[in-house]
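Engineer: Fold the following.
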Amino acid sequence: MVESVRGIPLHTKILIGLVLGALAGGTLNSIMGAASPNLIFLVDQITNPVGQLFLRLLLLLVVPLVFSSLVVGVAGLGDLRRIGRIGVKSLIYTLVISAISVLIGLTLANTIKPGKRIDPAVSAQLEQRYAQDATKRVETALDSAKSDDAPFLKVIKTIVPTNIFYSLGGKETPDMLGLMFFALFLGVCVTMVEKETAAPLISVLEAVFAATTVAIQVVMRLGPYAVFCLLFTMTARFGFGLLVSLGWFVLTVVIGLALHMFGVYSASVWLLSGIRPLDFFRRIKTAMITAFSTSSSNATLPTALRVSEENLGVPRDINSFVLTVGATANQNGTALYEGVTVLFLAQLAGVDLSMGQQLMVVYLAILGGVGTAGVPSGSIPFIILVLAQIGVNPALIGIILGVDRILDMCRTTLNVTGDITIATYVARSEGYELLKEIPEPAKVDL
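Structural biologist: Presented below is the predicted three-dimensional model:
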């Protein structure tokens, strides 16, 4: 695996690119102004295309990786009872930890009250600045939610596709829930077929998984430069001033994510997985940095799979099942963010939510965390729908659009860390020994 190039670890190079990109973009925004033609040209014609190339290459590999790893992983579990046992453990863990994350977020939002602290003039300017984008997102979210189907039927239609090929190729963003359902179902069926009959299919999918893994190594060589471009683009467009304007909101979210990351997850890996928290975070730092820089659980999945297996000792079959499903179904950071954002915008609008309404937000945020797409800004449509349901103008979403990307990076890091936490818990509960020695990184000349 490509962990070190010319003596410098890959994760260090990515971190350097991240910091330099953020500083360079923010500095040029302060000196030249966001409306500078030269800065706009640099962002639109150079840094944004390079950053998007990296993201799209990673997302391009997600479908073959998810499908092959899930089918092979489930088939490798062998016993249907074991598959069910691992699935139940993962689901219970996800629901409990998600509930904790939302409660942390709501407690902080009710204590700090960020919506009461923002200057009304600033909120009006932000709403006007992002009004056009907000209107488009609100219309799209509300249109997609319109349906005469009963709630349970809507869930079935969301999860179970009628045409797996349309789910993958009918739109630019693949239907990951449909893909995972099909892969899980096929993997379970493979366990019920004679080994001699299933062997050719398993061999092909193992070859697909191996080839995809190599392709990811190649793409990750672009990581440090692409991350520089991604962070440069963001800070050059919005600057650091926006963070100051929404400082209380950003602070509330970041405190909540930090409490969950270093409090709840540390307690979990120590008590449930038998791993010292410092060891855990040290061994998954590459996945955390990749998640932060890409803002996508799906794009980080290849790195998370490798790190969890090689650095923590989680077996591949459990990794393939837990991490692949978790990239979409376990979104603790997203659930926390959604809860804080809904309360923030309700406070800003002067809408006091009762305890019953806040409990409804908890319930909806947990569900939203499970069903939110693992792509950048995937939680925005869900927040719009919740705002409409509690009587808050959904157009207020425009106020937080400018800082959503930086907070998306933070919550994606929490999401990915949570997926790996589940994998370690499940592996230890199944009797596996964790914390193998970290292998020496391969030296690769570019």
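Engineer: quick one: the strands in this structure?
Structural biologist: Ranges of strands within the chain are 4-5, 8-9, based on DSSP state E.
Engineer: By mean pLDDT, show me the worst of these.
Structural biologist: Mean pLDDT is lowest for strand 4-5 among the strands of the chain, at a mean of 46.
Engineer: from the chain's centre, how far out does stretch 158-167 sit?
Structural biologist: Centroid displacement of stretch 158-167 relative to its chain, using CA atoms, centre = their mean, to the nearest Å, is 22 Å.
Engineer: now swap in stretch 200-218 and tell me
Structural biologist: 23 Å.
Engineer: Check stretch 330-339 too.
Structural biologist: 9 Å.
Engineer: nearest residue to Pro277 other than its sequence neighbours?
Structural biologist: Leaving aside its sequence neighbours, Pro277 sits nearest to Ser266 (CB to CB, 6 or more residues apart in numbering; 3.8 Å). Yep, even glycine has a C-beta here, placed from its N, CA and C like the rest.
Engineer: distance of the one you found from Leu312?
Structural biologist: Remark: distance between Ser266 and Leu312 (CB to CB, to the nearest Å) = 15 Å.
Engineer: same question, Asn298
Structural biologist: As for Asn298, its distance to Leu312 is 21 Å (criterion: CB to CB).
Engineer: Pick out whichever of the two has more residues nearby.
Structural biologist: Asn298 (27 against 23; other CB atoms under 10 Å).
Engineer: Tell me the predicted confidence for the more buried one.
Structural biologist: With respect to pLDDT, Asn298 has a value of 76.
Engineer: That one against Val62, yeah?
Structural biologist: Yes. Between Asn298 and Val62 there is a contact under CB atoms under 8 Å: 4.8 Å.
Engineer: need the longest helix for the protein.
Structural biologist: helix 80-112 (DSSP state H).
Engineer: Give the buried residues for that one.
Structural biologist: Going by neighbour count (16 or more other CB atoms under 10 Å), the buried part of helix 80-112 is 83, 86-87, 89-90, 93-94, 97-106, 108-109, 112.
Engineer: Does anything pack onto that helix? Which helices or strands?
Structural biologist: helix 62-77, helix 176-191, helix 247-259, helix 316-329, helix 332-348, helix 355-371, helix 401-429 (3 or more CB pairs under 8 Å, 6 or more residues apart in numbering; DSSP states H and E).
Engineer: mind listing what the closest residue in space to Thr424 that isn't next to it in sequence touches?
Structural biologist: Distances taken as CB to CB, 6+ apart place Ser273 nearest to Thr424, at 3.9 Å, with adjacent residues excluded. Residues in contact with Ser273 (CB atoms under 8 Å, 6 or more residues apart in numbering) are Phe280, Thr421, Thr424, Tyr425, Ala427, Arg428, Leu434.
Engineer: Just the closest of those to Thr233, please.
Structural biologist: Thr421 (30.8 Å; CB to CB).
Engineer: I'd like to know how many residues surround the closest one.
Structural biologist: 28.
Engineer: Next: the one 5 residues further on.
Structural biologist: A count of neighbours around Val426, defined by other CB under 10 Å, yields 24.
Engineer: was I right about it contacting Leu91?
Structural biologist: No. The criterion here is CB under 8 Å, and Val426 misses it with Leu91 at 10.8 Å.
Engineer: So Ile164 versus Leu153, what's the distance?
Structural biologist: 20 Å.
Engineer: Which residues are in contact with the nearest residue to Leu201 once chain neighbours are set aside?
Structural biologist: Among residues not flanking Leu201 along the chain, Val190 sits closest, at 6.8 Å (CB to CB, 6+ apart). Contacts for Val190 were tallied using CB under 8 Å, 6+ apart; they are Val71, Val74, Ala75, Ala198, Leu201, Ile202.
Engineer: Swap in 7 Å and give it another go.
Structural biologist: Val190 makes contact with Val71, Ala75, Ala198, Leu201 under the criterion CB atoms under 7 Å, 6 or more residues apart in numbering.
Engineer: If you rank the residues you listed by neighbours, which is first?
Structural biologist: Val71 (27 neighbours).
Engineer: Quick check: the gap between it and Leu205.
Structural biologist: 5 Å.
Engineer: just Val227 next, same as before
Structural biologist: For Val227 relative to Leu205 (CB to CB), the value is 31 Å.
Engineer: who's more crowded, these two?
Structural biologist: Of the pair Val227 and Leu205, Val227 is the one with more neighbours under other CB under 10 Å, namely 27 against 23.
Engineer: wait, isn't that one in contact with Gly17?
Structural biologist: Yes. If you go by CB atoms under 7 Å, Val227 and Gly17 touch, sitting 4.3 Å apart.
Engineer: From Gly25, how far off is Ile31?
Structural biologist: From Ile31 over to Gly25 (counting by CB to CB), the distance is 11 Å.
Engineer: try Phe344
Structural biologist: Distance, Phe344 to Gly25, using CB to CB: 26 Å.
Engineer: before we move on, what about Arg428?
Structural biologist: Arg428 is 42 Å from Gly25, by CB to CB.
Engineer: same check, this time on Val342
Structural biologist: According to CB to CB, Val342 stands 30 Å off from Gly25.
Engineer: can you give me the helices in the stretch 101-250 of the chain?
Structural biologist: For the stretch 101-250 of the chain, the helices defined by DSSP state H, counting those that start in this stretch cover 114-117, 120-129, 131-145, 151-159, 164-169, 176-191, 195-220, 223-238, 241-245, 247-259.
Engineer: looking at those helices, which is closest to Ile289?
Structural biologist: helix 223-238 (8.3 Å).
Engineer: quick one: the closest one to helix 195-220, angle?
Structural biologist: 60 degrees (axes from the mean of the first three to the mean of the last three CA atoms, to 10 degrees).
Engineer: tell me the pLDDT at Leu401?
Structural biologist: For Leu401, the model assigns a pLDDT of 72.
Engineer: And for it, the neighbour number?
Structural biologist: Leu401: 20 neighbours (other CB under 10 Å).
Engineer: before we move on, what about the one 3 residues further on?
Structural biologist: Here the number of neighbours of Asp404 (other CB under 10 Å) works out to 20.
Engineer: Got the confidence number for it?
Structural biologist: So, for Asp404, pLDDT stands at 77.
Engineer: Where in the protein is the helix or strand with the lowest mean pLDDT?
Structural biologist: When the helices and strands of the chain are scored by mean pLDDT, DSSP states H and E, strand 4-5 comes last with a mean of 46.
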